[in-house]
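**Student:** Show me the folded form of this:
(chains A and B)
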Amino acid sequence: MVKFFGIIFLGQPREEKLTHAHDAGTLERIGLLWLAAGCVLLGLFPVTVIEVIDPIAVQLLGQGLAQGGRIGNWLLLAPVSPERASYSPLIFLLVTSVVVLLTIVVVHRLYHARIRRANAWDCGYPLQTARMQDSAEGFGQPIRQIFEPFFRMTRQLPTPFDRAPLYKVTVEDPLWQWVYQRIATVTEAISRAIGKLQQGRISIYLLYSFITLIALLFFTQV
Amino acid sequence: MNIEGVLAQLTEMLVALVVAPLLMGWVNMCRAWLQNRRAPPLWQPFFLLHKLFLKESVVAHTASPIFRITPYIVFGCMLLACAIIPTISTNLPLAPAADAIALVGLFGLARLFISLAAMDIGTSFGGLGARREMLIGFLAEPALLMVLFTVSLIASSTSLVTIVSHLGSSELTILPSLAFAGVAFTMVSLAENARVPIDNPSTHLELTMIHEALILEYSGRHLALIEWAAALKLFAYSCAGLALFMPWGVAGASDYVALLFALPVLLLKLGAGGFLLALIETLLAKMRIFRAPEFLATAFLLGVLALLVHLLLGA
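**Tutor:** So this is what the prediction gives:
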């Protein structure tokens, strides 16, 4: 989530044409807003939703969360009892917001709210451009490096002397080659052999029917 | 919820706010002694916080509101984390709001915001820090959950308060599963709090820094809040470790005598823990970033081992 949100919405525009980008219209935003609001409501009132979908769990597993008593009230999600496990998203959100607001007020009252705008620190290298920011490729790179044995990766790295440096990496699932590719090859071979029967000429098909009839007659005779 | 509980809750939050920077100062003191240096005073972190609060905050031209709200959110998350971990009393009205698993989510929320804020300005260090923080986070969280599952299986509850009362009231026996889980938890805590061997809190070396790269753009009161939040995080992890593996001395509900002794006992335990942390930081060197997965995988493995030992041997 950090990768998607961070790369797409944060930082500086990574391409020239993106500097002219503007926000979507209000109606367009509402279209997505109610979906997001659904997620937030689901997070805040999980008990109501769990009670609705609980019969499915009972049918599938023979045991639901709500069995043997309620799973808590609308405020507190507690499947067995509050002593065993509990979670209350609303209190969670409320306390966090109160603490955050209190901190803001206290810090601004006790000290000050001065802010100075300045350029970001360039670490002694003023020629940085927006293209030098992290990309989605770079963000996932360490994780990919750790799980390298589980992937089939082919990398094409530029050398320092390339006029037009090109970086390319393809990541594949090794299972695809080991299992699916082989099944596909075998299936293809079989279907090609069967395909040889199909000549597309009516006389050949008549010949097949004739041979089948002869064979059937032969078998019934025996 | 009663007035007594509310008082205990507020006391605990206050204790966290005061003791967390002191713990940081104590670790720095011990480290200085172990390295044959003259130590800064115990309350040095408070001087630092005060100085930072007084300075004006410099914010980049390109910063969005996320950048400015993040220090407050991270601070709030850490304070809430300290509030739901039983440090001196188990009579906590806030505790049912979040059990051990929600606690991991709380740390995750703080991590999410601090990473987003780091990417917000669009400098290379921010992106680098965010990338590495997510890497450490996604490796440390499963190990932490494994440890918590083991302990909750023993106490048959994921509620921290119940775990503490269950383990604290049982007689002193050394469970092998708890021993494994304890080592795993220590390793995860080192990684999550950006301490040696994963990260070095006292350097700003470009090639290796993780936490410092994230907060490089912060200054003034924003930096002060983040530093305070980092101290609170260390306090929260230490207290969670103490709550899970050394829960003796935490007062129950309306147990006033125990409540009187709870704070000195906590300070004593934290002092010992802080010395141990300084010892680890002095004896070990920082690892290369791509050795960190091995370190955290070991922690995960120990966590799984603890779970298996508990399930198979029942111990």
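**Student:** show me the contacts for the nearest residue to A:Tyr111 once chain neighbours are set aside.
**Tutor:** What sits nearest to A:Tyr111 in space, not counting adjacent residues and going by CB to CB, 6 or more residues apart in numbering or on different chains, is B:Phe53, at 4.6 Å. From N, CA and C alone the C-beta is placed, and that goes for glycine too. Taking CB atoms under 8 Å, 6 or more residues apart in numbering or on different chains as the criterion, B:Phe53 is in contact with A:107, A:110-111, B:220-221, B:224.
**Student:** Nearest to A:Val40 among those?
**Tutor:** A:Val107 (27.3 Å; CB to CB).
**Student:** Would you quantify the distance from the closest one to chain B?
**Tutor:** Applying CB to the nearest CB, to the nearest Å, the value for A:Val107 to chain B is 6 Å.
**Student:** helix or strand right after whichever helix or strand that residue is part of?
**Tutor:** Under the criterion of DSSP states H and E, A:Val107 resides in helix A:89-110. Elements were assigned by DSSP H and E; along the chain past helix A:89-110, the next helix or strand is strand A:115-118.
**Student:** so which strand or helix has the residue of chain A found nearest chain B?
**Tutor:** Closest to chain B within chain A is A:Asp134: 2.9 Å, counting by CB to the nearest CB. Under the criterion DSSP H and E, no helix or strand holds A:Asp134.
**Student:** Return the residues in contact with it.
**Tutor:** Applying CB under 8 Å, 6+ apart, the residues near A:Asp134 are A:7, A:11, B:119, B:124, B:127-128, B:130-131.
**Student:** ok, now B:Pro96?
**Tutor:** A:76, A:78, A:82, A:86, A:88, B:159.
**Student:** Give me the buried positions along whichever strand or helix holds B:Gly273.
**Tutor:** Using DSSP H and E, the element containing B:Gly273 is helix B:256-283. Residues B:258-259, B:262-263, B:265-267, B:269-270, B:273-275, B:277-278, B:281 are the ones in helix B:256-283 that count as buried (16 or more other CB atoms under 10 Å in any protein chain shown).
**Student:** how about the residue in the stretch 51-200 of chain B that chain A sits nearest to, what does it touch?
**Tutor:** Residue of the stretch 51-200 of chain B nearest chain A, by CB to the nearest CB: B:Gly127 (2.9 Å). Taking CB under 8 Å, 6+ apart as the contact definition, B:Gly127 lies against A:6, A:11, A:133-134, A:138-139, B:118-119.
**Student:** And those residues, which two are furthest apart?
**Tutor:** Pairwise over these, using CB to CB, the maximum falls at A:Gly138 and B:Ala118, 13.9 Å.
**Student:** quick one, strands of chain A?
**Tutor:** A:115-118, A:152-156, A:168-172 (DSSP state E).
**Student:** Can you list the low-confidence ranges for chain A?
**Tutor:** Applying pLDDT under 70 to chain A flags the ranges A:64-75, A:79-80, A:82.
**Student:** Let me see the contact set for the residue nearest to the spatial centre of chain A.
**Tutor:** Centroid check for chain A by CA atoms, centre = their mean gives A:Met1 as the closest residue, at 8.9 Å. Neighbour list for A:Met1: B:Leu112 [criterion: CB under 8 Å, 6+ apart].
**Student:** distance of it from B:Pro197?
**Tutor:** 28 Å (CB to CB, to the nearest Å).
**Student:** Now do the same contact list for B:Leu266.
**Tutor:** B:15, B:19, B:87-88, B:239, B:242, B:249-250.
**Student:** excluding its backbone neighbours, what's nearest B:Leu145?
**Tutor:** Closest to B:Leu145 by CB to CB, 6+ apart is B:Val104, at 6.1 Å.
**Student:** for A:Val107, that is, sorry about that
**Tutor:** B:Arg221 (5.6 Å).
**Student:** Now do the helix or strand hosting that neighbour: distance to the chain's middle.
**Tutor:** Assigned by DSSP H and E, B:Arg221 falls within helix B:220-245. Offset of helix B:220-245 from its chain centre (CA atoms, centre = their mean, to the nearest Å): 5 Å.
**Student:** neighbours around B:Ser8, how many?
**Tutor:** I think there's a mix-up here, since residue B:8 is Ala and not Ser. 23 (other CB atoms under 10 Å in any protein chain shown).
**Student:** Tell me which helix or strand it sits in.
**Tutor:** helix B:3-34.
**Student:** Next, the buried residues of the following helix or strand past that helix.
**Tutor:** Under the assignment DSSP H and E, the closest C-terminal helix or strand after helix B:3-34 is helix B:44-54. For helix B:44-54, a neighbour-count test (16+ other CB under 10 Å) marks B:44-46, B:48-49, B:52-53 as buried.
**Student:** Now helix B:44-54: average pLDDT?
**Tutor:** For helix B:44-54, mean pLDDT is 94.
**Student:** Kindly format the C-alpha coordinates of that helix as CSV.
**Tutor:** The C-alpha coordinates for helix B:44-54 follow below in CSV (Å, rounded to 0.1, in the frame of the first residue of the first chain):
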residue,chain,number,x,y,z
GLN,B,44,19.8,14.7,28.3
PRO,B,45,16.9,13.6,26.0
PHE,B,46,14.6,16.1,27.8
PHE,B,47,17.1,18.9,27.0
LEU,B,48,17.1,17.7,23.4
LEU,B,49,13.3,17.7,23.2
HIS,B,50,13.0,21.1,24.8
LYS,B,51,15.6,22.5,22.4
LEU,B,52,13.9,21.0,19.3
PHE,B,53,10.4,22.2,20.5
LEU,B,54,11.8,25.8,20.7
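**Student:** elements contacting whichever helix or strand comes after it?
**Tutor:** Heading C-terminal from helix B:44-54, the first helix or strand you meet, by DSSP H and E, is strand B:57-60. Packing contacts for strand B:57-60, counted by 3 or more CB pairs under 8 Å, 6 or more residues apart in numbering or on different chains; DSSP states H and E, involve strand A:115-118, helix B:65-84, helix B:220-245.
**Student:** now the shortest one, how far from the centre of its chain.
**Tutor:** Counting by CA atoms, centre = their mean, strand A:115-118 is centred 38 Å from the centre of its parent chain.
**Student:** Could you tell me which strands that strand is paired with, and in which direction each runs?
**Tutor:** strand B:57-60 (parallel) (DSSP bridges).
**Student:** Understood, closing this out.
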